[in-house]
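Student: model this:
(one chain, ligands or ions: 2)
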Amino acid sequence: MAFTPRPWESQADQITSEELFWNRRQFLKGIIGTGATLPLIACRAPDPLATIPSQPYGSLKLNPQFKSPGRPPTPENLTSTYNNFYEFGSGKSVWQEAQALPLEDWQVTISGLVKNPRTYDIDTLVKKFPIEERIYRFRCVEAWAMVVPWVGFPMHLLLKEVEPTAAAKYVRFTSFYDPKITKGGGILGSYHPWPYTEGLTIQEMANELAFFATGVYGKPLPKQNGAPLRMVIPWKYGFKGAKSIVKIEFIDKQPATFWNTINANEYDFLANVNPDKPHPRWSQATERIVSKGPSVLWEIRPTVVYNGYGSYVAQLYS
Ligand SMILES: Nc1nc2c(c(=O)[nH]1)N[C@H]1C(S)=C(S)[C@@H](COP(=O)(O)O)O[C@H]1N2
Ligand SMILES: [Mo]
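Tutor: Residues are numbered from 1 along each chain as shown. Ligands and ions are numbered 1, 2, ... in the order given. Take a look at the predicted model:
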């Protein structure tokens, strides 16, 4: 069966995906795999939102500071089907593979340099905080961009709850990983820096913008978007936002993180959105707005420094 890339995919693939440089062969296999399953997808017409409860949050408040990100929100059907979640695969049908994520009895362990280390059931943890909605711009390092109405709570509320000690300088976030379930993890060949980890400085985590999402579009997070708890750091490239978090550790040194371990030159620890700092393999001067889909060319817009959030975060880096 011949594979004809959809216009939006071929455009995206030109810019390339994060793993391309270290394993081109696996990547090409992935594309061929996608081609083979496309007609099947069309026949079955699965619903990417079918597995999440349709019950909306009771009293959801839209935070007025974050209601107008200067662009319209991305349609829900795009946010829930155009994903990166390498534990489950490297193709753009990964939202289907991600349905294997087991959400039952989810726990989050908070450890390290804190006064109150503890393992929480996810519901116990989330119920501690008032849930709000924030519409944020989202920018992947691969130069595609969206606007997403997240639901969740700011990270500084968790800091207040667990009380890091004065020795805590950094935070490492770890995503769910179980090779029996996260079968796409093999994309790294024999080299496995799994589980997926990310890190922030304490000051970054304490910033008003740093957010834990538990939902999106007024509903609980779909698995493919990182249920049940996911980081959202809107002034940084999307890879800094680890999905499906199981562990949060407070430490005194900058942690090794997933992409930074694979290639520090291409994925620096800070990864702040910056139009003037090209990725070694492409420019970051512009971004492509993920929109309508196959038949429409994506709109190109100039990238904005700190993704437009400089008034909140520039002082962290001066
Ligand atoms: N655990 C985990 N978190 C992850 C990733 C991943 O592969 N695994 N991909 C990152 C990248 S590169 C991006 S752009 C965003 C994509 O989030 P979305 O699929 O909800 O749009 O998730 C980030 N978080
Ligand atoms: Mo990304």
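
Student: Do a quick rundown of the strands in the stretch 1-150 of the chain.
Tutor: 61-62, 107-112, 118-121, 132-139, 144-154 (DSSP state E, counting those that start in this stretch).

Student: swap that for the stretch 201-318 of the chain, sorry
Tutor: Under DSSP E, counting those that start in this stretch, the stretch 201-318 of the chain gives strands at 211-216, 219-220, 230-232, 245-251, 286-289, 299-302.

Student: As JSON lines, those with distance to Gly184 and mean pLDDT would be great.
Tutor: In this view, the C-beta of every residue, glycine as well, is placed from N, C-alpha and C. Output for those, formatted as JSON lines (distance: least, C-beta to C-beta, whole Å; pLDDT from 0 to 100):
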{"stretch": "strand 211-216", "distance to Gly184": "22", "mean pLDDT": "98"}
{"stretch": "strand 219-220", "distance to Gly184": "23", "mean pLDDT": "95"}
{"stretch": "strand 230-232", "distance to Gly184": "17", "mean pLDDT": "98"}
{"stretch": "strand 245-251", "distance to Gly184": "17", "mean pLDDT": "98"}
{"stretch": "strand 286-289", "distance to Gly184": "24", "mean pLDDT": "96"}
{"stretch": "strand 299-302", "distance to Gly184": "30", "mean pLDDT": "94"}
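
Student: now those strands in a markdown table, with distance to ligand 2?
Tutor: Converted to a markdown table, the strands of the stretch 201-318 of the chain look like this (distance: least, C-beta to the ion, whole Å):
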| stretch | distance to ligand 2 |
| --- | --- |
| strand 211-216 | 16 |
| strand 219-220 | 22 |
| strand 230-232 | 13 |
| strand 245-251 | 17 |
| strand 286-289 | 12 |
| strand 299-302 | 17 |
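
Student: among the strands of the stretch 1-150 of the chain, which is nearest Asp268?
Tutor: strand 132-139 (14.9 Å; C-beta to C-beta).

Student: how about the strands of the stretch 1-150 of the chain, which one is nearest Asn207?
Tutor: strand 144-154 (8.7 Å).

Student: what lines up beside the closest one in the sheet?
Tutor: Strand 144-154 sits in its sheet next to strand 132-139 (antiparallel), strand 211-216 (antiparallel), strand 286-289 (parallel), going by DSSP bridges.

Student: if I pick the residue of the stretch 201-318 of the chain found nearest ligand 1, what's in contact with it?
Tutor: Of all residues in the stretch 201-318 of the chain, the one sitting closest to ligand 1 is Gly238 (2.7 Å; C-beta to the nearest ligand atom). By C-beta atoms under 8 Å, 6 or more residues apart in numbering, the contact list for Gly238 reads Asn84, Phe138, Arg139, Cys140, Val141.

Student: Please apply the same query to Ser80.
Tutor: Taking C-beta under 8 Å, 6+ apart as the test, what Ser80 contacts is Pro48, Leu49, Trp95, Pro222, Gln224, Asn225.

Student: Quick check, pLDDT for the closest residue to it other than its chain neighbours.
Tutor: In this structure, Ser80 finds its nearest non-sequential neighbour in Pro48, 4.3 Å apart by C-beta to C-beta, 6 or more residues apart in numbering. The score at Pro48 is 73. That number is its pLDDT.

Student: Repeat that for Ile122.
Tutor: Per-residue pLDDT puts Ile122 at 98.

Student: correct me, but the residue nearest to Ser80 touches Asn77?
Tutor: Yes: between Pro48 and Asn77 there is a contact under C-beta atoms under 8 Å: 7.0 Å.

Student: Now do Tyr217 against ligand 2, distance only.
Tutor: 20 Å (C-beta to the ion, to the nearest Å).

Student: backbone phi and psi for that residue, please?
Tutor: With angles defined as degrees, to the nearest 10, Tyr217 sits at phi 50, psi 40.

Student: If you tally nearby residues, what's the number for the residue nearest to it when sequence neighbours are not counted?
Tutor: Distances taken as C-beta to C-beta, 6+ apart put Glu76 closest to Tyr217, at 4.8 Å, once the chain neighbours are dropped. Here the number of neighbours of Glu76 (other C-beta atoms under 10 Å) works out to 17.
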